[in-house]
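coordinates for the following, if possible.
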Amino acid sequence: MAKVKDTSKKNRLTKAGRQAKSPPTWVVVKTNRHMRATPQQRNWRQRKLKLR
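You can find the predicted model right below:
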């Protein structure tokens, strides 16, 4: 991918990167491990983003 990106595309990529993170440890402990992953969790190799 090019180093210089469109601003809107860069914002979408950063949002997707934040959503791909796992929840904090205190959330996992508080929910008694019922919440181990977020619904938007994604690995960059396994599922690609549908960006324009």
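
how near is the most centrally placed residue in the chain to Arg36?
Nearest to the geometric centre of the chain sits Ala20, at 1.8 Å (C-alpha atoms, centre = their mean). Ala20 sits 14 Å away from Arg36, taking C-beta to C-beta, to the nearest Å as the criterion. The C-beta positions use only the backbone N, C-alpha and C, and glycine is treated the same way.

can you pull out the helices in this protein?
In the chain, the segments counted as helices under DSSP state H are 7-19, 25-30.

rewinding a little: list the contacts of the residue nearest to the residue nearest to the centre of the chain when sequence neighbours are not counted.
Computed as C-beta to C-beta, 6 or more residues apart in numbering, the closest residue to Ala20 that is not its neighbour in sequence is Arg42, at 4.8 Å. The neighbours of Arg42, taking C-beta atoms under 8 Å, 6 or more residues apart in numbering as the test, are 16, 19-20, 49.

same list (those) but as TSV, adding pLDDT and distance to Lys10.
Formatted as TSV, the contacts of Arg42 follow (pLDDT from 0 to 100; distance: C-beta to C-beta, whole Å):
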residue	pLDDT	distance to Lys10
Ala16	91	11
Gln19	89	15
Ala20	89	16
Leu49	90	13
